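**Student:** Build me a structure from this.
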Amino acid sequence: MEIATSKVGDTAKHAAPGGPAPDEIVDKAATGRVGPHAVGRYRLPIAALILLALIWGYSWVVMKIALDYTEPFLFSAMRTFFGAVSLFIVLPLMRRPLKPKAIGSTALLGLLQTTGFVGLMTWALEGGGAGKTSILTYTMPFWLLLMAWVVLGERLRGFQWVAVGLALCGLVLILAPWRLQGKVSDFLAVGGAVSWAASAVYAKVLRKNHEVDLLSLTAWQMLLGSIPLIAIAIATWEGRPEWTGAFIVALVYVTILGNAVAWILWLYILDSFRAGTAGLATLLTPVIGISSAWIQLGERPGVIEGLGMVGVVGALLLVAIRELVTGRRRR
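**Tutor:** As a prediction, the model looks like this:
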């Protein structure tokens, strides 16, 4: 599953793993009072948002199942390379440019967004639970707030400090640093979240300096970012994957649904809603990940771990609520 940030700012608006998101999104919704015609036209975007959250949320279970049949870096290389290919097929169909721009900057973005984020996240999934890994990965918005504060000079305001503090408390409860045995996968997941946040900050810088098409940039960074994963997969090769029905279905799911279809849905949602409202999809994603892992994989968090997960989700909810309130004031 891949995610990105639509704007690195004091609201830390966020999107799905796999590539960068727009620096600024123009709100095309009518301002003022919403009438019955406006409500009707939002039915499809709302349905798309729910479908996207379901695709991304359930992908954690799908990836966990896939890792029973292959190595993490081989799976990461396969899903990102074939995911990039699927996006390159979509580009001409959506009349988007195929030619890359700022290839060096795009390669660095791919190193952070695809190599670092996807590689570490998948490696974490090999030894960790799907639900817990999804929660730890979704600490990204809070690392993003801190990085934007340090690198971009975007100050945190009172409400954001509350969210960051709550998230960090939840993170401590999940990681349980007083009991480090068997926690390697947890720290790998946090490392993936940090890499994802760094890619979002860099995406903002890149998009300020270069005029690029979002979908084209996503495809190219994913392709370039898959190259180091392919190299690592070759270096750590221990055998080919077991081409079982479950593995094939999982690979198709993350390649087609988790990449091509999800990105088309995301662009449609961004075109229909404010970016902050669209970001609510990312709040639903870890909740669905935890629920589906509990139901299908029998992953039941302990009391302390569960409290930590509640803390992180609660912090995400605070960020989403603030974004919605801020968005209404701006109208």
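
**Student:** From here on, just use CA atoms for contacts and neighbour counts.
**Tutor:** Will do.

**Student:** could I have stretch 48-63 exported to PDB, CA atoms only?
**Tutor:** Provided in PDB are the C-alpha atoms of stretch 48-63 (Å, rounded to 0.1, in the frame of the first residue of the first chain):
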ATOM      1  CA  ALA A  48     -14.700   6.600  -4.400                       C
ATOM      2  CA  LEU A  49     -13.200   7.700  -1.100                       C
ATOM      3  CA  ILE A  50     -14.700   4.700   0.800                       C
ATOM      4  CA  LEU A  51     -13.600   2.300  -1.900                       C
ATOM      5  CA  LEU A  52     -10.100   3.800  -1.800                       C
ATOM      6  CA  ALA A  53      -9.900   3.400   2.000                       C
ATOM      7  CA  LEU A  54     -11.000  -0.300   1.700                       C
ATOM      8  CA  ILE A  55      -8.400  -1.000  -1.000                       C
ATOM      9  CA  TRP A  56      -5.600   0.500   1.000                       C
ATOM     10  CA  GLY A  57      -6.700  -0.800   4.300                       C
ATOM     11  CA  TYR A  58      -7.100  -4.400   3.200                       C
ATOM     12  CA  SER A  59      -3.800  -4.300   1.300                       C
ATOM     13  CA  TRP A  60      -2.000  -4.800   4.600                       C
ATOM     14  CA  VAL A  61      -3.600  -8.200   5.100                       C
ATOM     15  CA  VAL A  62      -2.900  -9.000   1.400                       C
ATOM     16  CA  MET A  63       0.800  -8.100   1.700                       C
END
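
**Student:** Show me what the mean pLDDT comes to for that stretch.
**Tutor:** Stretch 48-63 carries an average pLDDT of 89.

**Student:** Also stretch 119-130?
**Tutor:** 91.

**Student:** in the stretch 101-250 of the chain, which segments are predicted with low confidence?
**Tutor:** The stretch 101-250 of the chain contains residues with pLDDT under 70 at 156, 158-160, 175-182.

**Student:** quick one: the helices in it?
**Tutor:** For the stretch 101-250 of the chain, applying DSSP state H, counting those that start in this stretch gives helices covering 103-110, 119-127, 130-137, 140-151, 158-175, 184-209, 214-235, 245-252.

**Student:** mind putting these in JSON lines, mean neighbour count and distance to residue 59 included?
**Tutor:** Shown next, in JSON lines, are the helices of the stretch 101-250 of the chain (neighbours: other C-alpha atoms under 10 Å; distance: least, C-alpha to C-alpha, whole Å):
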{"stretch": "helix 103-110", "mean neighbour count": "20", "distance to residue 59": "21"}
{"stretch": "helix 119-127", "mean neighbour count": "25", "distance to residue 59": "12"}
{"stretch": "helix 130-137", "mean neighbour count": "28", "distance to residue 59": "9"}
{"stretch": "helix 140-151", "mean neighbour count": "21", "distance to residue 59": "18"}
{"stretch": "helix 158-175", "mean neighbour count": "19", "distance to residue 59": "21"}
{"stretch": "helix 184-209", "mean neighbour count": "23", "distance to residue 59": "15"}
{"stretch": "helix 214-235", "mean neighbour count": "22", "distance to residue 59": "18"}
{"stretch": "helix 245-252", "mean neighbour count": "16", "distance to residue 59": "8"}
